[in-house]
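Novice: predicted model and sequence follow; I will ask about them next.
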Amino acid sequence: MSDFVTVAKVGEIAEGTGTAFAVNGRMVAVFNDGGTFFAIDDFCPHMGASLAGGYLEEGIVTCPWHAWRFCVQDGKWCDNPKVKVDNFEVRVHENEIQVRVPPRVLPPAPDAQAYPVP
Ligand code: FES
């Protein structure tokens, strides 16, 4: 069984644009960059704007709120590549754009014994 999820048909995401989709409990921005599709986390790590609504040019999306720029191929922040948003696998299968988004792994809950109620 494949864990790729169909988000749109080819042609539904115009070239040079992105669209956000809810996949596996996460918002994912899928971009059409010159006919090639890429997927990254939709939430800008600065203040949470939707990156899908950003300006896309030459593989770089510019956040619509404060212009942070991210590579849509690997999610790296252009001004500091040590910082990145998650990127996801994308494929086109029988004219459908599909993404593979693993469930988010949350940190373990704090130990209740470490915070005793007075
Ligand atoms: S919310 Fe994206 S740059 Fe500020």
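Specialist: Thanks, I have the structure now.
Novice: residues near residue 64, how many?
Specialist: With neighbours defined by other C-beta atoms under 10 Å, the count for residue 64 comes to 14. Any C-beta I mention is one placed from the backbone N, CA and C, and that applies to glycine too.
Novice: what's the answer for residue 24, then?
Specialist: Residue neighbour count, defined by other C-beta under 10 Å, stands at 14 for residue 24.
Novice: I'd guessed residue 63 sits against residue 52; true?
Specialist: No - distance between residue 63 and residue 52: 10.4 Å, which falls outside the contact criterion (C-beta atoms under 8 Å).
Novice: give me the contact status of the helix or strand of the chain with the lowest mean pLDDT with the ligand.
Specialist: For the chain, using mean pLDDT, DSSP states H and E, the weakest element among its helices and strands is strand 80-84, scoring a mean of 91. No - contact between strand 80-84 and the ligand is absent, the nearest approach being 11.8 Å (criterion: C-beta under 6 Å from any ligand atom).
Novice: for this protein, what lies in contact range of the ligand?
Specialist: Within the chain, the positions lying close to the ligand (C-beta under 6 Å from any ligand atom) are 44, 46-47, 49, 63, 65-66, 68.
Novice: buried subset of those?
Specialist: 44, 49, 63, 68 (16 or more other C-beta atoms under 10 Å).
Novice: which of these lies closest to residue 23?
Specialist: When these are compared for distance to residue 23 (C-beta to C-beta), residue 44 comes out closest, at 17.7 Å.
Novice: chain neighbours aside, what residue packs nearest to that closest one?
Specialist: If you skip the residues right next to it in sequence, residue 44 has residue 63 as its closest partner in space, 4.6 Å away by C-beta to C-beta, 6 or more residues apart in numbering.
Novice: pretty sure residue 74 sits against residue 87.
Specialist: Yes - taking C-beta under 8 Å as the definition, residue 74 is a contact partner of residue 87 at 5.3 Å.
Novice: with neighbour numbers in mind, choose between those two.
Specialist: Relative neighbour count places residue 87 above the other of residue 74 and residue 87, with 18 against 14, counting by other C-beta under 10 Å.
Novice: against residue 110, how distant is the more buried one?
Specialist: In this structure, residue 87 lies at 30 Å from residue 110, with C-beta to C-beta, to the nearest Å as the measure.
Novice: lovely, talk soon.
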